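>>> Take this sequence and fold it.
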Amino acid sequence: MSALPTPDPANPYHTENAAEFDAPTFRVDALITELQNTDEGVPTGWTALDGLGVRFRPKELALLAARTGHGKTSALVNIAMRMLERSAAVGSTKPLLYYSHEEPPEHILCRLIALLAIRPIEPWTVGEIREHFSGKGATNPNRNSADYAQLDAAVAHLKQVEDRIIVIHRPAWTAAQIGEHARTIHEKSGVGGIFIDYLQRVPVVPPLHARDQEIALTGRTLKSLAVDVSAPVIAGAQVDRDVIPEGYQDRVRKAASGSIADAIEIMKAARPDLNHLREGGSEQEADLILGLMNFAADLRVEATGVQASTDHFEIGVLKNRYGPTGKWAELSYSGSSGLISDVGAKINPGDVLAKLSA
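Have a look, this model is predicted:
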């Protein structure tokens, strides 16, 4: 049997050095040292949300909670892209790990390229990019040489940072298997961040008697992983559709026929809350829970027959151990490209590409 690790006298609170069964005494200087050595966290990159005190901190579990079709995967990919930009800017080579229990790596690739090849007018859609590279789609007559040049540039720059992101598509992997794989990577190179898409899709083997117990177990396992690799773990989480208010569809449909602004105000009543998380259990383990509200999704589903659209998107702080809760950031969402941005933000893909190739 291998011996327990020897604590570091200079900092016995560090999880990699402290003996598992020999907890250190309470030492003020050591704890202050630990705080000084802890990363302050990664900003989301959205000014409106960063202003609410939101950070993705090492050793913490963050959940992105939303109903089906409300942008969980898009938000995860956007955050991953922003972390790639940040790591390039600071010269970090720690890879991001993206565990997808839904989409295969080639689809995640198309999402990343769409964000890099973004154009203010007629952006490349994820579907277009997938068809273009598969060779199965017809050439779009509305695309010119500049469009294709932008697409090629996006691919070239993504190749330069491809060693900084690892996409794993293993739908049968449990949280324990994810943890085992991530810890192996961490031992070799460190880990910059871990993404899980999404919590309820991660299987529990053997199954437990109650679904909320399974979700809680998955949450605890992912929280433990965040602590062990000293990196943020960010996971999507499903919200029950059954929680929308009674008569919601009719009110949205009626308002959308007249005013989009009025429809948006009505749809705010369907924003997710902590008690809306499907099967429960995960909210206790998370340090940060953000609710996603894609207003276009509800206009498409609820306002049948009404020609109405919006790019209004909101992210709300439902739980935050280190900041205020209950506030929502207004953002903009392009359903075609999957880009989530600050309202009125100037989109300059050249800046993004330059950061990634630094």
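>>> Compute the number of surrounding residues for Glu214.
Residues contacting Glu214 under the criterion other C-beta atoms under 10 Å number 20. Using the backbone N, CA and C atoms, a C-beta is placed for each residue, glycine as well.
>>> so which strand or helix has the closest residue to it other than its chain neighbours?
Nearest residue to Glu214, sequence neighbours excluded (C-beta to C-beta, 6 or more residues apart in numbering): Val204, at 4.1 Å. Using DSSP states H and E, Val204 sits within no helix or strand.
>>> Contacts only, for Thr38.
With contact taken as C-beta atoms under 8 Å, 6 or more residues apart in numbering, Thr38 is in contact with Arg57, Pro58, Lys59.
>>> change it to 6 Å
By C-beta atoms under 6 Å, 6 or more residues apart in numbering, Thr38 lies in contact with nothing.
>>> any idea how far Val239 is from it?
31 Å (C-beta to C-beta, to the nearest Å).
>>> At the geometric centre of this structure, which residue do we find?
For the chain, the residue nearest the mean C-alpha position is Leu76 (2.5 Å; C-alpha atoms, centre = their mean).
>>> buried ones in the strand or helix carrying that residue?
Assigned by DSSP H and E, Leu76 belongs to helix 72-90. Buried residues in helix 72-90, counted by 16 or more other C-beta atoms under 10 Å: 72-88.
>>> what comes into contact with that helix?
45, 64, 66, 96, 111, 115, 161, 164, 192-193, 195, 197-198, 236, 292, 338, 340, 355-356, 358.
>>> could you give me the average pLDDT of it?
For helix 72-90, the mean pLDDT works out to 91.
>>> Is Thr310 in a helix, a strand, or coil?
The assignment at Thr310 comes out as coil when based on DSSP: H, G, I helix; E, B strand; the rest coil.
>>> hang on, isn't it packed against Phe295?
Yes - the pair Thr310 / Phe295 is scored as a contact, 5.1 Å apart, by C-beta atoms under 6 Å.
>>> Could you check which of the two has the larger neighbour count?
Neighbours were counted for Thr310 and for Phe295 using other C-beta under 10 Å; Phe295 has more, 22 against 18.
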